[in-house]
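Engineer: Could you look at this predicted model? Sequence included:
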Amino acid sequence: MVVPRGARPLLATALATAVALIPAGSADARTGRASAAEHGWVGTWEAAASGTVDALPGYSIRNVVHADVGGPAVRVRVSNRLGTAPLTLGEVTVAVQQTGSPKSPEAVAGTMREVTFRHAGSVTVPAGADAVSDPVPLRVPTGGNLLVTLYTPTASGPATFHHSALQTSFLASGGDHAAEPAGTAYTTSTGYWYYLTGVDVFRPQVRGDVVALGDSITDGSGSTSNANRRWPDDLAARLNALPPSRRFGMLNAGIAGNRLLLDDTGPNALSRLDEDVFSRSGVRALIVLEGINDIKNDPPQTDPARIEDAYRRIVHRAHAHGIRVIGGTITPFGGHGGYTDELEAVRQAVNAFVRTSGLFDGVADFDAAVRDPADPHQVLLAYDHGDHLHMNDAGYRAMADAVDLADLGGRP
């Protein structure tokens, strides 16, 4: 059952501060920090808004998300960022998913909680905005899955979503089933995340967050579904093994098909820095792996200087927010459709810039980690998902291992 507001235990003052409706990308003008970042809060999950689909009026949408960092309280970020009309959510709940059941809509008994916004049980989010909930007391297990359920009573225009979740979520038609732990009403599965773009936990011991800004390779295309085998997931596991004073949360802002310079699948990377990086709680470092779609997709970018200039703009803006930037070299695509020697020369030039320009606070040489030593234009066969562009689980693990953890924030 849902724990009513009046029966909830009191939280510390830090938990009692509700975060109001915020415009996408808003930041504190005095500090340059995101207005959503209070002391003690850290991001445990993120999905970047990649586009819109038809709304689901009268549906309850049970999003399944993975919590890399646990804690005693949680809050969620819902998004109407790409919508064209106000979004009304009639009820929102959060619960812990049954252990060992990544494809189940069932909640662990006793964990279902009502989520409020400014102490109200429903919220209307303007077009182009996000809303961050009030703190909710819930013991979030590190490495566990959460069920964040949203009831949409009416049609609210196009629905902001993330199109390549690699995680099974669930839909229930016919009314409000948000507070039902059993999940029997959730008879339809989906591979999308609807309206949900972030989850924070209260964990003062964690130093802050690392955001991975990228395309399908960061989004995890080619990895095993429902298994959290994207390279940011593997990096999160490495971070969780550190002593508490050096630990970070890991947020995945990858969008399959994304580009640096042009809108393609989702807004281009330059235009989404505010929403997907700077508005997040306590970001300390940013890992950038973007550019392969600029090089190979129509119209192809054949001038390396344009991509290099985009990197400079990202680093300049991140440094203004006090965020370190790690440059990721672009991984091979030899054998993939669209490969040409001319485009390969662009990739090599961009990678040389990442390695040697001194622009970045650190370099993650993803290219060197996954290329075939006998043919460096291609991904090593043992790491190739099969399309000569995306990695399998082993390849993504090798990419995660290529990140020097000391680059993310230095020593405490």
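Structural biologist: Alright, I've got the coordinates. Quick caveat, the model's predicted, so the values are computed rather than measured. Residues are numbered from 1 along each chain as shown.
Engineer: Can you show me the helices along the chain?
Structural biologist: In the chain, the segments counted as helices under DSSP state H are 13-16, 216-219, 231-240, 273, 292-296, 304-320, 341-356, 366-370, 393-401.
Engineer: nearest to G128, of those helices?
Structural biologist: With CB to CB, the closest approach to G128 among the helices of the chain belongs to helix 273: 16.0 Å. In short, each C-beta sits where N, CA and C put it, glycine included.
Engineer: now that closest one, how far from the centre of its chain.
Structural biologist: On the basis of CA atoms, centre = their mean, to the nearest Å, the separation between the geometric centre of helix 273 and that of its chain is 12 Å.
Engineer: next one: stretch 234-242
Structural biologist: Between the centre of stretch 234-242 and the centre of its chain there are 16 Å (CA atoms, centre = their mean).
Engineer: Identify the structural domains in this protein and state their residue ranges.
Structural biologist: Using automatic domain parsing, the domain ranges for the chain come out as 39-199, 205-408.
Engineer: picking up where we left off before, which one of the helices of the chain is the most hemmed in?
Structural biologist: Burial among the helices of the chain, expressed as mean neighbours by mean count of other CB atoms under 10 Å, is greatest for helix 216-219, which shows a mean of 26.
Engineer: Give me the mean pLDDT for it.
Structural biologist: Across helix 216-219, the average pLDDT comes to 98.
Engineer: Name the residues that touch that helix?
Structural biologist: The contact list for helix 216-219, computed with CB atoms under 8 Å, 6 or more residues apart in numbering, reads 164, 166, 212, 230-232, 252-258, 289, 292-293, 331, 389-391, 399.
Engineer: please redo it, this time with the cut-off set to 6 Å
Structural biologist: For helix 216-219, the external contacting residues (CB atoms under 6 Å, 6 or more residues apart in numbering) are 164, 212, 254, 256, 289.
Engineer: Among the residues you listed, name the ones in strands.
Structural biologist: In strands, defined here by DSSP state E, the members of the contacts of helix 216-219 are 212, 254, 289.
Engineer: Pull the contacting residues for the first one.
Structural biologist: A212 makes contact with 218, 232, 252, 287 under the criterion CB under 6 Å, 6+ apart.
Engineer: pretty sure the last one is touching I326, no?
Structural biologist: Yes: using CB atoms under 6 Å, I287 makes contact with I326 at a distance of 4.5 Å.
Engineer: Counting neighbours, go ahead and name the busier of these two.
Structural biologist: Using other CB atoms under 10 Å, the more surrounded residue of I287 and I326 is I287, with 27 against 21.
Engineer: bridging residues for that one?
Structural biologist: When bridges are called by DSSP bridges, I287 pairs up with A212, I326.
Engineer: and it, what is it in contact with?
Structural biologist: Applying CB under 6 Å, 6+ apart, the residues contacting I287 are 212, 326, 328.
Engineer: that older thread, make TSV out of the ones in strands among the contacts of helix 216-219 and add distance to G83 and pLDDT.
Structural biologist: Written out in TSV, the entries for the ones in strands among the contacts of helix 216-219 read as follows (distance: CB to CB, whole Å; pLDDT from 0 to 100):
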residue	distance to G83	pLDDT
A212	25	98
G254	22	98
L289	28	98
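Engineer: For G191, state which of those residues is nearest.
Structural biologist: Within the set of the ones in strands among the contacts of helix 216-219, G254 lies nearest G191; the separation is 15.2 Å, counting by CB to CB.
Engineer: Wait, that closest one touches L213, no?
Structural biologist: No: contact status for G254 versus L213: not in contact, 7.5 Å apart, counting by CB under 6 Å.
Engineer: which neighbours do these two share?
Structural biologist: The overlap between the contact sets of G254 and L213 (CB under 6 Å, 6+ apart) is empty.
Engineer: residue boundaries of the strands in the stretch 151-300 of the chain?
Structural biologist: Applying DSSP state E, counting those that start in this stretch to the stretch 151-300 of the chain gives strands spanning 159-162, 169-172, 188-190, 193-194, 196-202, 209-214, 249-254, 283-289.
Engineer: Between those, which one is closest to N268.
Structural biologist: Going by CB to CB, the one of the strands of the stretch 151-300 of the chain nearest N268 is strand 209-214, 11.1 Å.
Engineer: and the angle from the closest one to strand 283-289?
Structural biologist: Following axes from the mean of the first three to the mean of the last three CA atoms, to 10 degrees, one obtains 20 degrees for the angle between strand 209-214 and strand 283-289.
Engineer: mind listing what's buried in strand 209-214?
Structural biologist: 209-214 (16 or more other CB atoms under 10 Å).
Engineer: That one vs helix 393-401, what angle?
Structural biologist: For strand 209-214 against helix 393-401, the angle by the same axes, to 10 degrees is 130 degrees.
Engineer: Return the distance of G208 relative to A47.
Structural biologist: 19 Å (CB to CB, to the nearest Å).
Engineer: Please say which of these two ends up with more neighbours.
Structural biologist: When G208 and A47 are compared on other CB under 10 Å, the one with more neighbours turns out to be A47, at 28 against 20.
Engineer: I figured the more buried one was touching S164, is that so?
Structural biologist: No: contact between A47 and S164 fails when scored by CB under 6 Å: they sit 9.4 Å apart.
Engineer: quick revisit: and the strands of the stretch 151-300 of the chain: which comes nearest R113?
Structural biologist: R113 lies closest, by CB to CB, to one member of the strands of the stretch 151-300 of the chain: strand 196-202, at 12.7 Å.
Engineer: Pairing partners for the closest one, with directions?
Structural biologist: strand 41-46 (antiparallel), strand 71-79 (antiparallel).
Engineer: most packed of these?
Structural biologist: Per-residue neighbour counts averaged over each of these give the maximum for strand 41-46, namely a mean of 28 (mean count of other CB under 10 Å).
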